[in-house]
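**Q** sequence plus predicted model, see below.
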Amino acid sequence: MSEYFDQEKLKKKVKKKLKGKSYSVQTRSGFYFLGFIGAAIYYISTATGFWEGVLGVLKSFVWPAFLVYEALSKLGA
């Protein structure tokens, strides 16, 4: 196994494979939007008062941070 890595060769291969294909950020933002809606529904449905519902909407904006925190805490990291 060779320890030599040619970064330029890799870049050329990647460009060749992706040539003519269009990848968009819209797909990722669409998934984030769906996640936001799901998190907002969850937080609002578990709220017992108006201000807890407002806080739930604010929490739903940063739900990925909560997700990563919980995942890492369960893994013991």
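**A** All right, it came through fine.
**Q** residues near Tyr43, how many?
**A** Tyr43: 19 surrounding residues under other Cβ atoms under 10 Å. C-betas here are computed from N, CA, C, even on glycine.
**Q** find the nearest non-adjacent residue to it, please.
**A** Gly56 (2.7 Å; Cβ to Cβ, 6 or more residues apart in numbering).
**Q** residue contacts, that neighbour?
**A** Ala40, Tyr42, Tyr43, Ile44, Thr46, Ala47 (Cβ atoms under 8 Å, 6 or more residues apart in numbering).
**Q** now do the contacts for the last one.
**A** Each residue near Ala47 by Cβ under 8 Å, 6+ apart is listed here: Gly53, Leu55, Gly56.
**Q** switch to 10 Å and redo it
**A** Gly53, Val54, Leu55, Gly56, Val57 (Cβ atoms under 10 Å, 6 or more residues apart in numbering).
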